[in-house]
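A.B. asks: with the sequence up front, the predicted model follows.
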Amino acid sequence: MNAQALLTQLYDTPEIDILEQIKQLKAELGDQVLILGHHYQREEVFVFADVSGDSLKLSQQAAETSAPYIIFCGVHFMAETADILTADDQAVILPDLAAGCSMADMADDEQVTRCWRELSSVISPDTTVTPVTYINSTAALKAFCGEHGGIVCTSGNARKVMQWSWNNREKILFFPDQHLGENTAVAMGVPDEDMIVWDPALPLGGQAPEAIEQARLILWKGFCSVHQLFKPEHADTMRRNHPGIHILAHPECSRAVCETADFVGSTEMIIKRVLEAEKGQSFAIATELNLVNRLRIRFPDHPIWFLSPMVCMCSTMFRTDPQQLCAALTAIRDGIRGNGDNLSIHNRISVPQSHKRWARLALERMLNLA
Ligand code: 13P
Ligand code: SF4
C-alpha cells in the first residue's frame with residue numbers, strides 16, 4: 001500500500017485504535033526508532049515522544065542518538081537540524097512535510113547573501129560581522145553561518161552565543177527573529193543606539209551607511225506570528241485581576257511584552273520555572289497554547305493562565321496528528337520487514353551534502369558552547 005492510501009485508511013479508523021496501533025508499533029520497533037517531540041505538539045502526539053524538549057534539548061538529543069530512524073514531531077527546520085547532526089545512514093522523518101515555520105520563511109539564502117553583499121559596500125562583513133542564525137531557519141542559512149565564521153543559536157542559549165560572537169568580531173548580523181536578538185541584547189545591557197533593524201525588502205536594509213557602521217547588532221526584521229499576538233496590555237490585565245501573579249514570556253514575544261514579564265526564557269526554561277516555584281504561585285504564560293495547557297494539567301498546585309485572551313497556537317506544529325505518526329511508524333516497520341515499497345523513507349528529510357558540512361560546523365560551534 002502506498003503512503004497516501006495508508007493515510008486515507010488511517011483517517012477512516014477510530015482514533016482510539018490508532019493510538020493502540022502506535023503503542024504496538026513502538027513496542028515492536030524498540031530502539032530502532034526515536035521519537036522526538038517539541039513542547040508545542042498536541043497532546044495526542046506528544047505522549048508518544050521518547051524525548052520531549054525545546055529546540056536546544058532536541059538538537060542535543062539528535063546529535064547523540066544512534067537510532068537508525070528518528071521521527072521528528074516538530075517542524076521542518078527541526079528535522080533538518082536533526083538530519084545535519086546525524087550520520088548519513090540514520091533517517092530523519094517529518095510526519096507531515098507541510099509542517100513549516102513562518103518565521104523561518106522570513107529569511108532565505110538569497111536575501112541574506114544580498115544583505116551580506118550590501119553590508120560589504122559599507123564595512124568588511126567577513127572580518128567585522130558574525131552571522132548568527134536562530135535555529136528556526138533553513139539549512140542553507142545555517143550553512144551560510146558556518147561558512148562565514150558564524151553560529152546557530154536557540155532561545156535557550158542566545159545570550160551565550162551572542163557573547164561568543166562579540167568576543168570574535170565587533171558586530172552581529174542576527175536573523176531571522178528580530179525579537180529574540182533584541183530581547184537578548186537588552187538583557188545583556190546593550191543600549192538602543194547599538195542596534196538597528198534590517199528590512200530585507202529595502203536597499204541597505206532601509207539603513208543609512210553611518211548607522212550600519214555604528215551598529216553592533218543588526219537585527220533581521222522577522223518575527224513569530226504566534227508570539228507576536230501577546231501584548232503588554234494582557235500583562236496589565238492579568239496583574240490587575242490576579243495580584244501576585246508571575247508573568248513568564250518566551251523571547252520570541254515583543255520587547256514590550258518581555259520588558260513587563262517577571263521571567264523570559266525558552267520553553268524548557270519556562271517549564272523549569274513553574275516546576276521550581278513555591279506551591280500556590282500563580283502564573284500567566286506567554287507562549288504557545290499546547291504547552292500552557294499541558295502545564296495546567298501537570299501542575300495543579302499552580303493556577304496557570306494563558307497571557308493572551310486570544311488563541312495563540314502554532315498551526316504548523318498542530319499539523320502532526322496521530323494518524324501521520326502511525327503512518328510514519330508503519331512505513332518504517334514495513335520497510336524493515338522488506339514489504340514496504342520504499343515506504344520506509346516516506347517523508348525523509350535529507351539536507352543536501354553541500355549544505356550539511358557548513359551547517360554542521362555552525363551547529364557544532366553552538367553545541368560546543370553548552
Ligand atoms: P524553543 O523550543 O527554543 O523554546 O522555541 C520555541 C519555538 O518557537 C520553536 O519553534
Ligand atoms: Fe515557527 Fe512560531 Fe511556530 Fe515556533 S511557534 S514553529 S517560531 S511559527
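C.D. replies: Perfect, thanks for sending it. Numbering: from 1, shown residues only. Ligands and ions are numbered 1, 2, ... in the order given.
A.B. asks: which stretches of the stretch 1-150 of the chain form helices?
C.D. replies: For the stretch 1-150 of the chain, helices defined by DSSP state H, counting those that start in this stretch occupy the ranges 3-11, 15-29, 43-46, 55-64, 76-85, 109-119, 125-128, 139-147.
A.B. asks: Throw those helices into CSV and include mean neighbour count and distance to E213, thanks.
C.D. replies: In this view, the C-beta of every residue, glycine as well, is placed from N, C-alpha and C. Formatted as CSV, the helices of the stretch 1-150 of the chain follow (neighbours: other C-beta atoms under 10 Å; distance: least, C-beta to C-beta, whole Å):
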stretch, mean neighbour count, distance to E213
helix 3-11, 15, 53
helix 15-29, 15, 56
helix 43-46, 17, 48
helix 55-64, 21, 33
helix 76-85, 26, 32
helix 109-119, 17, 10
helix 125-128, 14, 10
helix 139-147, 24, 22
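A.B. asks: of all those helices, which one is nearest ligand 1?
C.D. replies: The closest of the helices of the stretch 1-150 of the chain to ligand 1 is helix 55-64. By C-beta to the nearest ligand atom, the value is 3.7 Å.
A.B. asks: so does the closest one get close to ligand 2?
C.D. replies: No. Using C-beta under 6 Å from any ligand atom, helix 55-64 stays clear of ligand 2, coming no nearer than 8.5 Å.
A.B. asks: quick one: mean pLDDT for that helix?
C.D. replies: Here helix 55-64 scores 92 as its mean pLDDT.
A.B. asks: ok, and what's touching that helix?
C.D. replies: 34, 36, 38, 51, 53, 70, 72, 74, 78, 81-82, 85-86, 92, 135-136, 154-157, 266, 268, 363, 367, 370 (C-beta atoms under 8 Å, 6 or more residues apart in numbering).
A.B. asks: from these, which are also near ligand 1?
C.D. replies: Restricting these to those near ligand 1 - C-beta under 6 Å from any ligand atom - leaves 136, 154-156, 266.
A.B. asks: just give me the closest of the residues you listed to P322.
C.D. replies: N136 (25.1 Å; C-beta to C-beta).
A.B. asks: list the contacts for that closest one?
C.D. replies: 55, 77, 101, 103-104, 176-177, 224.
A.B. asks: just the terminal-to-terminal distance for stretch 29-37.
C.D. replies: End-to-end distance for stretch 29-37: 18 Å, by C-alpha to C-alpha, to the nearest Å.
A.B. asks: pull the most distant pair out of the contacts of N136.
C.D. replies: S55 and P176 (13.9 Å).
A.B. asks: follow-up on the earlier one: which of the contacts of N136 fall in strands?
C.D. replies: Per DSSP state E, strands hold no members of the contacts of N136.
A.B. asks: nearest to R348 among those residues?
C.D. replies: F77 (15.7 Å).
A.B. asks: now do that closest one against ligand 2, distance only.
C.D. replies: With distances taken as C-beta to the nearest ligand atom, to the nearest Å, F77 is found 8 Å from ligand 2.
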